[in-house]
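K.L.:
fold the following for me, if possible:
(one chain, ligands or ions: 1)
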Amino acid sequence: MDNGDAPATPAPPKIDTGKAHSARVYNYILGGKDHYPVDVEAAHALLEAWPKLATSMRINRATMRRIAGWLAAEAGVRQFLDIGTGLPAAPNLHEVVQEIAPESRVVYVDNDPIVLAHARALLTSSPEGRTAYIDADMGVPEKVLGAPELRETFDLSQPIGVTVIAMLQFVEDARSLVRELTAVLPSGSYLALTTATADLTPDEVTTMAEEYTRRGVPMYLRTRAEVEELFTGLEMVDPGVVPMNRWRPEPDDTTSDDDVNMYAGVGRVP
Ligand SMILES: C[S@@+](CC[C@H](N)C(=O)[O-])C[C@H]1O[C@@H](n2cnc3c(N)ncnc32)[C@H](O)[C@@H]1O
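P.N.:
This is a model prediction of the structure:
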């Protein structure tokens, strides 16, 4: 942990390989290569508790693509703040929105050193747009909101689409975090999120969350009412807070509610 006697070369990211990390567990389950044995072990324990976790994670990525696409195409958002980005997984959010509006600017935020180590793959902006990465803990929102990368990338007088996808289940006081974030957003901005619940498959998902928590990644499950409360003061976009597979699904969608353990919702800052 201590870098006190580090040599003159830049310190490598401090990757803790002794404890599972959500970004790496997620990467393993989605078929990526950036994980350690401790993450693989945790992933298998989670899948044993709830075998549909892999399906739900894939649906979560698809939901991110639909929400980001809607923000760019329908809501006209051109600035995106993506909090809890995770390891790069194509298509990343900037690829989704820049395909619709190449001038879009995207700032990514994560606090995991392994995500930082792979951030270059997130910084491949279209020539007309821009991407930036902030290595910060959202537990301290001022650090993100005051970061030079954010101020240099965004016009803070214009709407910002804040996406918090599959991240708030790792935050105990999500209400305060969201309140602090939305308080500084200009009118016409959006808050979009997916977050975990046990409402849809109570026993399995509760056991899975207990397993994750026991392995050092506390997971906070929320009821629909608790997720709706995160949008207090915002105007809900149709269809409101719904199981994420039902957030503006593709016409050929065949998923069912027990395939997912997350709600999705989008709210507009009045
Ligand atoms: C399950 S991944 C979700 C990745 C991506 N948003 C997606 O849905 O595909 C959760 C991410 O949130 C990040 N995260 C968790 N707590 C955080 C915090 N307090 N500040 C910043 N990032 C955090 C983790 O490092 C991880 O990369």
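K.L.:
pretty sure T124 contacts T131?
P.N.:
Yes: with contact defined as Cβ atoms under 8 Å, T124 and T131 form a contacting pair (7.3 Å). For every residue, glycine as well, the C-beta is placed using N, CA and C.
K.L.:
need the overlap of contacts for those two.
P.N.:
Each of H94 lies in contact with both T124 and T131 under the rule Cβ atoms under 8 Å, 6 or more residues apart in numbering.
K.L.:
those two: which is more packed in?
P.N.:
In terms of neighbours (other Cβ atoms under 10 Å), T131 is the more surrounded of T124 and T131; the figures are 24 against 12.
K.L.:
tell me the spacing between the more buried one and A43.
P.N.:
29 Å (Cβ to Cβ, to the nearest Å).
K.L.:
got it, and M138?
P.N.:
From M138 to A43 the distance is 23 Å (Cβ to Cβ).
K.L.:
also P51?
P.N.:
12 Å.
K.L.:
between the two, who's got more neighbours?
P.N.:
A43 (21 against 11).
K.L.:
now do the contacts for that one.
P.N.:
Here A43 is in contact with A20, V25, Y28, I29, H35 (Cβ under 8 Å, 6+ apart).
K.L.:
burial of the first one, as a residue count?
P.N.:
Residues lying near A20 (other Cβ under 10 Å) number 24.
K.L.:
what separates the residue lying closest to it once chain neighbours are set aside from the ligand, distance-wise?
P.N.:
Spatially, and ignoring its direct neighbours in sequence, A20 is nearest to A42 (3.7 Å; Cβ to Cβ, 6 or more residues apart in numbering). The span separating A42 from the ligand equals 12 Å under the rule Cβ to the nearest ligand atom, to the nearest Å.
K.L.:
so A42 makes contact with S22?
P.N.:
No: counting by Cβ under 8 Å, A42 does not reach S22; the two are 9.3 Å apart.
K.L.:
hang on, T255 in a strand?
P.N.:
No: counting by DSSP: H, G, I helix; E, B strand; the rest coil, T255 is located in no strand; its state is coil.
K.L.:
quick one: pLDDT of it?
P.N.:
At T255, the model reports a pLDDT of 96.
K.L.:
what about it, how many residues nearby?
P.N.:
Neighbours around T255, by other Cβ under 10 Å: 18.
K.L.:
and it, how close does it get to A166?
P.N.:
For T255 relative to A166 (Cβ to Cβ), the value is 16 Å.
K.L.:
need the contact list for the residue nearest to A20.
P.N.:
Here A42 is in contact with A20, V25, E211, Y212, R215, V217 (Cβ under 8 Å, 6+ apart).
K.L.:
which of the three states applies to the residue nearest to W247 when sequence neighbours are not counted?
P.N.:
By the measure of Cβ to Cβ, 6+ apart, the closest residue to W247 outside its immediate chain neighbours is A264, 4.0 Å from it. What three-state DSSP gives for A264 is strand.
K.L.:
surely A264 and V241 touch.
P.N.:
Yes: when contacts are counted by Cβ under 8 Å, A264 is listed as touching V241 (7.3 Å).
K.L.:
quick check: which element contains the nearest residue to T153 once chain neighbours are set aside?
P.N.:
Spatial nearest neighbour of T153, chain neighbours left out: A132 (4.6 Å); criterion: Cβ to Cβ, 6+ apart. Assigned by DSSP states H and E, A132 belongs to strand 130-135.
K.L.:
what's the first helix or strand after that strand?
P.N.:
helix 141-145.
K.L.:
off-centre distance for that following helix?
P.N.:
The chain centre lies 16 Å from the centre of helix 141-145; the measure is Cα atoms, centre = their mean, to the nearest Å.
K.L.:
can it be found next to the ligand?
P.N.:
No: against the ligand, helix 141-145 shows no contacts by Cβ under 6 Å from any ligand atom, the least distance being 8.4 Å.
K.L.:
can you name the next helix or strand after the lowest-mean-pLDDT helix or strand in the chain?
P.N.:
Least confident helix or strand of the chain, by mean pLDDT, DSSP states H and E, is helix 141-145 with a mean of 87. Downstream of helix 141-145, the first helix or strand assigned by DSSP H and E is helix 148-153.
K.L.:
thanks again, I'm all set now.
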